[in-house]
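1. give me coordinates for this.
(chains A and B)
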Amino acid sequence: MICLTEEQKMIQEMVRRLAKEKVAPRAAEIDEKDEFPWDIARIFGENGLLNLVLPEEYGGVNANTTTLCMVIEEISKVSPACAIMVFTTQSLINVLRRGGTEEQKKRFYPRFSSADKLCAFVLTEPNAGSDAASIQTKAVLDGDSYVFNGTKTFITTGEVSDFYLIFVRTGPGERAKGISAFIVEKGTPGFSFGKKEKKMGLRGSPTAELIFENARVPKENLVGKAGEGWKVLTNYGNLMRIWGAASLSLGIAEGALEYALGYARERVQFGKPIASFQAIQFMFADMAMLTESAKSLIYRTSAMIDRGEPFSTVEPMVSMAKCFTTDAAMKVTTDAVQILGGYGYTKDYPVERMMRDAKGVQIFDGTNQIQRVIISRALLGKL
Amino acid sequence: MNFGFTEEQNILRKSVKDFMEKECPPEYVRELEEKEEYPYELYGKMAKLGWLGLPIPEEYGGSGLGPVDLVIMGEEMSRFSFEIAAGFGVSIFCGLNIIEHGSEEQKKFYIPKMIKNEIRLSIGITEPNAGSDAAALTTSAVLDGDSWVINGQKTFQTAADAKNNIICLYVRTDKNVPKHKGISQILVPNDTPGVEIRRIKTLGRKMLHTSEIFFEDVRVPRENLVGELNGGWKMLLSGLELERLYVCSTYIGSSQTLVNLALEHAKQRVQFGRPIGTFQAIGHMLADMQTEVDAARLLVYRAAWMHDQGMPCMKEVSMAKLYGSEAYARLSNQGMQIMGGYGYSMEYDMQRHFRDSRILTVSAGSSQMQRTVIARQMGLRVE
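-> Alright, predicted model coming up:
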């Protein structure tokens, strides 16, 4: 079904091994301590996973959408929290690659590749969640720089990242028409971090508050034109969900299904393995159908994107994949907990963590309600 | 048809509500959960009002209230905290079992202490290899002179590690008969030498705790045997209808509270220039949620009424358990979706509903076991 190139197969094999050997043994601890896993970040860096999207001359592999989906899927089978750092970092590089100027690429690419820096994608504000066009953080041009003021919240990979792609209000227009995108570096005076969210799941992947108080950002860091940030967000940002939330939850579902299968074969009740009861068998059949459907949807969509099909065709496909896969992962992980029973509810087994993580992905990267808005608008037009 | 309650029942409902509003505000619940503390103090206050004896027959110091009253109590307490309502039932149903099957001395000794909150009672059935298949338990008790010598292991024991707790322990006392016929109930104080309790880390149930218990040559007096030797299986099943009925009542108050939380959020949270509850997708989701809570409530009330009339109601109680627990878990997931990132944050109560509800489709008879009971009551010889 999924036609991978030789290179993609090699990457898949490498990531699978890395996930199994290096990430899986740390997954429970990362969740328990809710601390960012710098050791894993280093390992990902050493193995090129933080620079996948960069051109080869900068140490990347020029990764296309399918490659990114595959990498995120493999890591998420064992730890979506770890996969997220790859996701947000590649998001910024990807936007720069597609929407940045040659000057910006020359300026930033070497810095990404030399030190394996982490990056974050910054949109949400306290009063602008699903309604992203209502953001209020302001950037005002003053001489050679823009002056930033405002607060961003629920920022994934915040604080640990060195580079931030930030959407702010510059005008001239209202709502979606007055938004611009900038790359802002950590350490910029006036740019600081507020509280770190305590979350139910996706722990170890920090969610931070970003505060701007007269922070000056050079005007050369504007990505695209002033007032065209919404285009950057939709044209590049919306499509990244396919290798973001969608592939993350596909990995979660596959990880949970595999674990529950192993358990059900071993666990004996009423004198036989519980896998021999039809109620359990049918649960597995349903879990597998959901997971495989999600996988087909994701890789069909990624192939469409890689073939260069028009944005209007692929955008709703991406939303369908995000919504369907995260809902599928929620169901599959919940069923996995049910199959493991009391054991599934304990911290000694991974499925309760997978379930908590799955819930987060139904919310993050555009809630499933917003995905339905995108899908229905594509079907019906704007009414 | 009469859907009303008696005047006394209305007064009971109001007094539970008034008490909980005053003594068990949300901050208190959050604090206990955060500290993972058993609600000794609150139960002490309830004991002063005589509540720990409400369903206990008058001759043992209780008030002899019936199933409908119990359901009212469970529903109203659980509006404030699922765990506090659930923990309330743990001791009481063990006490009722002793009243049904124990000796006069046992009743006179344990019951008044339990009513006064001086001791607690917990139930000990589940073992690593005896979950849904409870009769497969292997923890053994052998008579040696005037004492029972107990060896073995229990797991997933709710509230077993509370202070001054007596474990109503189900043990194997005859290995040479069919598995249901060699089980007995023995009372074992949790501080008896040889009893080792180890806390299991779980996703929820943070106040009551879930533990493993190891028994190594634990000696208790011969007279701690409850009722007939090898008559334990009957005791384990007796009173199950009432106990399960009470358990169901704690789902409906909790479910109502979480729907109220989501509803409040949907009214307050403004996105796209209006409260999100005015969007049809959210408004209809809430309509479905409230319908489910009412359906669950009516299933519980029907079963309580039947029990009160002395009608057999195992099927109806099992339906209420199956539907109510599945609904609570499903609703907490939807409630979190409505609250978005806030719902996923540990600062809000929604995540507690999500965590607490997850085990309820497993504990007190998993959904799979309820379906088996219902199907058998429908005349199907389901294995």
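2. how about the residues of the stretch 51-200 of chain A that lie near chain B?
-> With the criterion set to Cβ under 8 Å from any Cβ of the partner chain, the stretch 51-200 of chain A comes near chain B through A:124, A:127-131, A:134, A:153-154, A:197-200. C-beta: built from backbone N, CA, C; applies to glycine.
3. show me which of these are buried.
-> The neighbour-count test (16 or more other Cβ atoms under 10 Å in any protein chain shown) marks A:124, A:128-131, A:134, A:153-154, A:197, A:199-200 as buried among these.
4. setting the sequence-adjacent residues aside, check what's closest to residue A:97.
-> Nearest residue to residue A:97, sequence neighbours excluded (Cβ to Cβ, 6 or more residues apart in numbering or on different chains): residue A:53, at 6.0 Å.
5. distance check, the one you found against chain B.
-> For residue A:53, the distance to chain B equals 27 Å [Cβ to the nearest Cβ, to the nearest Å].
6. which parts of the stretch 101-250 of chain B are strands?
-> Using DSSP state E, counting those that start in this stretch, the strands of the stretch 101-250 of chain B run over B:120-124, B:140-144, B:147-158, B:165-172, B:183-189, B:195-200, B:210-221, B:225-226.
7. can you list the helices and strands that the first one packs against?
-> Taking 3 or more Cβ pairs under 8 Å, 6 or more residues apart in numbering or on different chains; DSSP states H and E as the contact definition, the neighbouring helices and strands of strand B:120-124 are helix B:82-101, helix B:104-115, strand B:147-158, strand B:165-172.
8. which of the residues of the stretch 51-200 of chain A next to chain B fall in strands?
-> A:153-154 (DSSP state E).
9. any chance of the residues of the stretch 51-200 of chain A next to chain B in a markdown table, plus pLDDT?
-> Formatted as a markdown table, these follow (pLDDT from 0 to 100):
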| residue | pLDDT |
| --- | --- |
| A:124 | 94 |
| A:127 | 90 |
| A:128 | 89 |
| A:129 | 87 |
| A:130 | 87 |
| A:131 | 90 |
| A:134 | 93 |
| A:153 | 95 |
| A:154 | 95 |
| A:197 | 94 |
| A:198 | 95 |
| A:199 | 96 |
| A:200 | 96 |
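10. just give the nearest non-adjacent residue to the residue nearest the centre of chain B, would you?
-> Closest to where the C-alpha atoms of chain B average out (Cα atoms, centre = their mean) is residue B:86, at 4.1 Å. In space, and not counting its chain neighbours, residue B:86 is closest to residue B:250: 5.3 Å by Cβ to Cβ, 6+ apart.
11. contacting residues around that neighbour?
-> B:74-75, B:77-78, B:82, B:85-86, B:89 (Cβ atoms under 8 Å, 6 or more residues apart in numbering or on different chains).
12. which one of the residues you listed is nearest to residue A:277?
-> When the contacts of residue B:250 are ranked by distance to residue A:277 (Cβ to Cβ), residue B:86 comes first, at 28.0 Å.
13. follow-up on the earlier one: host element of the residue nearest to residue A:97?
-> Assigned by DSSP states H and E, residue A:53 belongs to no helix or strand.
14. what about residue A:69, how many neighbours?
-> Using other Cβ atoms under 10 Å in any protein chain shown, residue A:69 has 29 other residues around it.
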